[in-house]
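*Asks:* need a structure here:
(one chain, ligands or ions: 1)
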Amino acid sequence: MADWVRSCPRGAEPPFYALHAGGRSYRDGVTVLEVIQRSTEFLTQKGVESARLQAEWLLARVLGMPRLQLYLNFARGLTDAEVDQVRQLVKRRGQREPLQHLLGTTSFCGLELKVNPCVLVPRPETEALAEHAWQFLAKRQAGASAVLDFGTGSGCLAITLAVRCPHARLHALDVSAEALAIARENAAAHGVAERIAFCLGDGFAALAPEQTFDLIIANPPYVPTAEIAALMPEVRDHDPRVALDGGPDGLEFYRRLAATARDRLRAEDGRMMLEFGDGQAERLRDVFGLHKWVVERVEADYTDRPRILVVGPPHERRAAEAG
Ligand SMILES: C[S@@+](CC[C@H](N)C(=O)[O-])C[C@H]1O[C@@H](n2cnc3c(N)ncnc32)[C@H](O)[C@@H]1O
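*Replies:* Just a heads-up that it's a prediction; the model follows:
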């Protein structure tokens, strides 16, 4: 282990700012490369995954340059002000604040979105749900499709679909007013705010009774309550609890959707696409089967894990519409 790490007691400041080596402040002439190396070791010591990458993102943000440009600037010295800024960020990352909260943004399906502690940080696996949704909408012939994003959070799904599917009309609903405010901001930043109706409230109660949809998508809270305490600190302590807690077995929201979404799906070829957690697929088949939904397929995310349930209108409704 490097000397500077050994000399830095656990929980102390990131070392290149606070300590002295041989009478010389680490701050004197500290370079981009040194900051990356020392921050990486500090973050590794704190149990942060992909520590080097994270250190680079934080330093790049402070220096106002694309991350890869750091590699062309390894010998550049930092000013005191820059050192102070990166110090604060690396310290907070060491305390397991999510990188996205420190940067204030994240990327979802190629779109930059604002995030803060009021919204779930959009996850890469949810991009697969967005992709299946826009493929579904692209195949539909009939005019403008009506889409509901149930539990919109940062607005990542609704905004992606609005950008990708110019003929879709979207509703984005959430029980959190703070989350809706961020979703609105993100929609405005991407020029699609006029095409999304933002609805505040508890589930379908937030919508007019007659409002129906061709597609309902949701990434509901699906962590079993008792498992929240064991999540990574970045998630457990920084994602909103209301975005995580899926009740005793994690399936509460799916039960609600299975029981109440049937009247909200407009056409026989309408679909509901739902993200779910590891190991929940089979139990969800039962939940939706119980309410006579047709489970059309289960799709995997980009790491090949079953992640998306696609269901269609219940049998009896299809039969009634056909007859
Ligand atoms: C797992 S987050 C998903 C956020 C976003 N769609 C995404 O994929 O990143 C679940 C969202 O559902 C919202 N939510 C929780 N309970 C709700 C309810 N009863 N009615 C509407 N939204 C709810 C939460 O506020 C949160 O934004």
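*Asks:* what residue ranges in this structure score low on pLDDT?
*Replies:* The chain contains residues with pLDDT under 70 at 1-13, 15-28, 141-143, 315-323.
*Asks:* what residues does it put near the ligand?
*Replies:* 120, 122, 126, 151-154, 156-157, 173-176, 179, 202-203, 219-221, 242-243 (C-beta under 6 Å from any ligand atom). Heads up, the C-betas are built off the backbone N, CA and C, glycines and all.
*Asks:* Now, these that are in strands?
*Replies:* 173-174 (DSSP state E).
*Asks:* Mind giving me the ChimeraX command for buried ones among the residues of the chain next to the ligand?
*Replies:* Only the buried entries of the residues of the chain next to the ligand go into this ChimeraX selection, using 16 or more other C-beta atoms under 10 Å:
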select :120,122,126,151,152,153,154,156,157,173,174,176,179,203,219,220,221,243
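*Asks:* Look up the residues forming beta bridges with Ile216.
*Replies:* Leu148, Met272 (DSSP bridges).
*Asks:* So it sits against Ala146, correct?
*Replies:* No - counting by C-beta atoms under 8 Å, Ala146 is not a contact partner of Ile216; they are 9.6 Å apart.
*Asks:* Spell out which residues are contacts of both of these two.
*Replies:* Here Ile216 and Ala146 have no joint contacts, going by C-beta atoms under 8 Å, 6 or more residues apart in numbering.
*Asks:* the more surrounded of the two?
*Replies:* For Ile216 and Ala146, the more surrounded residue by other C-beta atoms under 10 Å is Ile216, and the numbers stand at 25 against 20.
*Asks:* Kindly provide the distance from that one to His171.
*Replies:* 9 Å (C-beta to C-beta, to the nearest Å).
*Asks:* Ok, Ala243 next?
*Replies:* Where His171 is concerned, Ala243 sits at a distance of 19 Å (C-beta to C-beta).
*Asks:* repeat for Ala258
*Replies:* Taken as C-beta to C-beta, the span from Ala258 to His171 is 20 Å.
*Asks:* what's the answer for Pro66, then?
*Replies:* Pro66 is 36 Å from His171, by C-beta to C-beta.
*Asks:* Please identify which of those two sits among more neighbours.
*Replies:* His171 (21 against 8).
*Asks:* Tell me if I am right that that one is in a strand.
*Replies:* Yes - under DSSP: H, G, I helix; E, B strand; the rest coil, His171 sits within a strand.
*Asks:* what's near enough to touch it?
*Replies:* His171 neighbours (C-beta under 8 Å, 6+ apart): 146-149, 158, 196-197, 199, 207, 211, 213.
*Asks:* Repeat the analysis, applying 7 Å as the threshold.
*Replies:* Applying C-beta atoms under 7 Å, 6 or more residues apart in numbering, one finds that His171 lies in contact with 148, 197, 199, 207.
*Asks:* Restricted to strands, list the residues you listed.
*Replies:* 148, 197, 199.
*Asks:* hey, what's in contact with both of Ile216 and His171?
*Replies:* Leu148.
*Asks:* And for Thr212, the neighbour number?
*Replies:* Thr212 has 16 nearby residues by other C-beta under 10 Å.
*Asks:* Can you pull the phi and psi angles for the residue nearest to it when sequence neighbours are not counted?
*Replies:* Closest residue to Thr212 apart from its sequence neighbours, by C-beta to C-beta, 6 or more residues apart in numbering: Arg266 at 4.0 Å. When read as degrees, to the nearest 10, the backbone of Arg266 gives phi -80, psi -60.
*Asks:* any idea how far Arg67 is from Arg266?
*Replies:* 45 Å.
*Asks:* now Glu296
*Replies:* Relative to Arg67, and taking C-beta to C-beta, Glu296 is found at 41 Å.
*Asks:* same deal with Glu185?
*Replies:* In terms of C-beta to C-beta, Glu185 sits 24 Å off from Arg67.
*Asks:* domains of this structure?
*Replies:* 3-95, 105-322 (automatic domain parsing).
*Asks:* Can you tell me which of the ones you listed is packed in deepest?
*Replies:* Most buried of those, by mean neighbour count (mean count of other C-beta atoms under 10 Å): domain 105-322, with a mean of 18.
*Asks:* and it, how far from the chain's centre?
*Replies:* Taking C-alpha atoms, centre = their mean, to the nearest Å, one finds the center of domain 105-322 at 12 Å from the center of the full chain.
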